[in-house]
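S.K.: I would like the atomic coordinates for the input below:
(one chain, ligands or ions: 2)
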Amino acid sequence: MSNTPPLFVPGHDSNLVEDVKARIRDVQDFPKPGILFKDVTPVLADPHLFGRVVNAMAAPFRGRHINKVVGVEARGFILGAPIALALHAGFAPARKPGKLPYKTVTERYALEYGDDGLQLHEDAVGRGDRVLIVDDLLATGGTGEATARLVTKLGAEVVGFSVLISLDFLPGRERLGREKVCALLSY
Ligand SMILES: O=P(O)(O)OC[C@H]1O[C@H](OP(=O)(O)OP(=O)(O)O)[C@H](O)[C@@H]1O
Ligand SMILES: Nc1ncnc2[nH]cnc12
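M.R.: Residues are numbered from 1 along each chain as shown. Ligands and ions are numbered 1, 2, ... in the order given. Predicted coordinates for the structure are as follows:
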C-alpha cells in the first residue's frame, strides 16, 4: 500500500488556496514590460498539489452533465485534460491558428499582451454538447470569450469556465458572466 493521497477525491480541501498561492511564481516584465506574469509551473511540478487543483477545478461542475471539456492552448491543455477525465467528459483542444489538422472554425481576440486567434475542429463539439472551458488564468477575458464563440458557433452550450487564477483587476470575469466563472484563486 502506498501513502500517496489519491487524486480526484471529492470534498472540501480547506488549505488549497493558501497552498497554491504559496507556489505561484510572479515573474516581472514577462513577456512584455509592465506585465506581472503568474507562473503556475511550480504547482504542476508537485503531483499531490496538481491533483488537488484538478479535483477542485472539476468539483463545481460535477453533476452538471458536462460531456466535453475544451482546453485552451497551451496551459489550458495541462489542466483541461485531467479535468475532463475527472468529469468523465471528452476533451477538445482549442488551438492557435494553423495547428489543427482537420477542418476548423476560427475566432480572433485581444490579449493582456497582444492579440491572437483560436481554432476548434469543426466536429470537436456540436449540438447537444454541454461544454466546460478550462484555462489556467483569466485576465481580460478575450481568450475565454473567443473560445465560447467557437463553441456556440458549432451549436454547443457553454455551461461554464473553470480557471485556476482570475486577475480580478481586469474585466475577464464580468466579460464572461460572473455566474459562469469558477476561479480557484483571484488577485
Ligand atoms: O483573459 P485573457 O486576457 O485573454 O488572457 C488569458 C490567456 O492568456 C494566457 O495564454 P497565452 O495566450 O499567453 O498562451 P499560452 O498558454 O500558450 O502561454 C493564459 O493561459 C490564457 O489563455
Ligand atoms: N499576467 C498573466 N500571467 C500569466 N498568464 C497571463 N495571461 C494573461 N495575462 C497573464
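
S.K.: Spell out for me which residue occupies the centre of the protein.
M.R.: Centrality entry for the chain: nearest residue to the mean C-alpha point is residue 135, 1.8 Å, by Cα atoms, centre = their mean.

S.K.: May I see the buried residues of stretch 28-42?
M.R.: Across stretch 28-42, burial judged by 16 or more other Cβ atoms under 10 Å covers 38, 40. Bear in mind the C-beta positions are built from the backbone N, C-alpha and C, glycine included.

S.K.: Three-state assignment for the residue lying closest to residue 44 once chain neighbours are set aside, please.
M.R.: Setting aside the residues directly before and after it, residue 44 is nearest to residue 50 in space (Cβ to Cβ, 6 or more residues apart in numbering), at 5.3 Å. Assigned by DSSP: H, G, I helix; E, B strand; the rest coil, the conformation of residue 50 is helix.

S.K.: I'd like the distance from residue 50 to ligand 1, if you could.
M.R.: Applying Cβ to the nearest ligand atom, to the nearest Å, the value for residue 50 to ligand 1 is 16 Å.

S.K.: and that residue, how many residues sit next to it?
M.R.: For residue 50, the neighbour count with other Cβ atoms under 10 Å is 17.

S.K.: thought it was touching residue 41?
M.R.: No - contact between residue 50 and residue 41 fails when scored by Cβ atoms under 8 Å: they sit 10.6 Å apart.

S.K.: where does residue 117 land in three-state SS?
M.R.: Residue 117 is classified as strand under three-state DSSP.

S.K.: so what's it up against?
M.R.: 96, 97, 106, 107, 108, 109, 146 (Cβ atoms under 8 Å, 6 or more residues apart in numbering).

S.K.: quick one, helices of the chain?
M.R.: Counting by DSSP state H, the segments of the chain that form helices are 16-23, 41-44, 47-58, 75-86, 142-153, 172-176.

S.K.: so where's the chain uncertain?
M.R.: Flagging of the chain using pLDDT under 70 yields the residue ranges 1-11.

S.K.: Around ligand 1, pick out the residues from it.
M.R.: Residues of the chain that fall close to ligand 1, judged by Cβ under 6 Å from any ligand atom: 72-76, 111-112, 116, 135-144, 172.

S.K.: Write out the residues of this structure neighbouring ligand 2.
M.R.: 35, 36, 37, 38, 112, 137, 139.

S.K.: again, only this time at 5 Å
M.R.: Residues of the chain lying close to ligand 2 by Cβ under 5 Å from any ligand atom are 37, 38, 112, 137, 139.

S.K.: distance of the third one from residue 47?
M.R.: Just to be clear, that refers to residue 112. 30 Å (Cβ to Cβ, to the nearest Å).

S.K.: These two - which one has more neighbours?
M.R.: More crowded of residue 112 and residue 47, by other Cβ under 10 Å: residue 112, with 18 against 11.
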